[in-house]
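Q: Show me the folded form of this:
(one chain, ligands or ions: 2)
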Amino acid sequence: MTISAQQQAVEEDLVERVLASFESCENPRLKLVMKSLTVHLHDFIRDVRLTEEEWNYAIDFLTKVGHITDDKRQEFVLLSDTLGASMQTIAVNNEAYEDATEATVFGPFFVDDAPLVQNGDDIAFGAVGQPAWVEGTVKDTEGNPIPNARIEVWECDEDGLYDVQYADERSAGRAHLYSDENGEYHFWGLTPVPYPIPHDGPVGQMLQAVGRSPVRCAHLHFMVTAPEKRTLVTHIFVEGDPQLEIGDSVFGVKDSLIKKFDEQPAGTATPDGRDVGDQTWARTRFDIVLAPENV
Ligand code: BEZ
Ligand code: FE
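A: Numbers count the residues shown, from 1 in each chain. Ligands and ions are numbered 1, 2, ... in the order given. Predicted coordinates for the structure are as follows:
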């Protein structure tokens, strides 16, 4: 489509006037962000020649995103995640540093005050699924073990649901523990399964309209903190998960985070002698490297 010089001048004049309206802003960061947002937003509207009907549809969509959001359901986070905005913000703020473990999306299912467990304990707390022995170390980028790092872990059950998605007040599939004096940790969890993000709201409608799946690749969430280290929010993914080929609905997969969950035949002795009954179990290893703070 060709836009006449006169029409272009009208559109550019508006952009200039909006930009000028921020000139008196005393907060330099706010000024920068608002001016850049103006440039990109106007570019977008002009680029797609947005119709008034589409603009009203977008406002109605965002209104619905707001209405479905409450203290349990965060549709704005889902929107940010499915547009890749969450992963882009993570990329910008967690630049690769030596061999530090890569970060990925936080998601909406973290809960403060998950139970404290000891190394070797089971974080399932009744959540159903294949038991998985998870072990590893927490080290700095010089290879020194980090004792007493706080490790938060959370995951869904084999039906693809987090505890907070059930109507009762259960706490299951989540806990926190600390690395030991050698920087080592181990616990029992569940072999992760792929699951759909909540898709019964406007974000689900958007995914359906564009022909995208809401399913996330199977993963186990970690958040690891230690003094003077960059907080690491990440997951491990399951090697061989067919969803890895199809893709992750929130763009969270990084190759370095795909780990083998070695399935053990029923009856195989467990590392700590736990009796898992007549079922298979899996084991995996995730060695964590924390970057220094402020890099
Ligand atoms: C999650 O992994 O828990 C998650 C991440 C993004 C959106 C929804 C769920
Ligand atoms: Fe998750």
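
Q: separation between N119 and ligand 1?
A: N119 is 24 Å from ligand 1, where distance means CB to the nearest ligand atom, to the nearest Å. (C-beta placed from N, C-alpha, C; glycine too.)

Q: Was I right to think that residue contacts Y185?
A: Yes. At 5.8 Å, N119 and Y185 qualify as touching, with contact defined as CB atoms under 8 Å.

Q: Up against ligand 1, what does the stretch 101-250 of the chain have?
A: Near ligand 1, the residues belonging to the stretch 101-250 of the chain are 105, 107-109, 197, 216, 250 when assessed by CB under 6 Å from any ligand atom.

Q: how about 8 Å then?
A: Counting by CB under 8 Å from any ligand atom, the residues of the stretch 101-250 of the chain lying close to ligand 1 are 105-109, 154, 156, 162, 197-198, 216, 219, 221, 235, 249-250.

Q: Which one of these is nearest to ligand 1?
A: G107 (2.8 Å; CB to the nearest ligand atom).

Q: which residues of the stretch 101-250 of the chain fall in helices?
A: Under the criterion DSSP state H, counting those that start in this stretch, the stretch 101-250 of the chain contains helices at 202-209, 243-246.

Q: Give me whichever of the ones you listed is most buried.
A: Comparing the helices of the stretch 101-250 of the chain by mean neighbour count (mean count of other CB atoms under 10 Å), helix 202-209 ranks first with a mean of 17.

Q: contacting residues around that one?
A: For helix 202-209, the external contacting residues (CB atoms under 8 Å, 6 or more residues apart in numbering) are 61, 64-65, 68, 75, 78-79, 82, 197-199, 213-214, 249.

Q: if we go to 10 Å?
A: Contact with helix 202-209 is made by 60-68, 75-83, 196-199, 212-215, 249, as judged by CB atoms under 10 Å, 6 or more residues apart in numbering.

Q: returning to what we had before: pick out whichever of N119 and Y185 has more residues nearby.
A: Y185 (22 against 15; other CB atoms under 10 Å).

Q: What separation is there between the closest residue to the more buried one other than its chain neighbours and R150?
A: By the measure of CB to CB, 6 or more residues apart in numbering, the closest residue to Y185 outside its immediate chain neighbours is S179, 4.8 Å from it. Taking CB to CB, to the nearest Å as the measure, S179 falls 8 Å from R150.

Q: Common neighbours of those two, please.
A: Counting by CB under 10 Å, 6+ apart, the shared contacts of S179 and R150 are 138, 224, 226.

Q: and which of the residues you listed is nearest to Q264?
A: When those are compared for distance to Q264 (CB to CB), V138 wins out at 24.8 Å.

Q: Now do that closest one, the pLDDT please.
A: Looking at V138, its pLDDT is 98.
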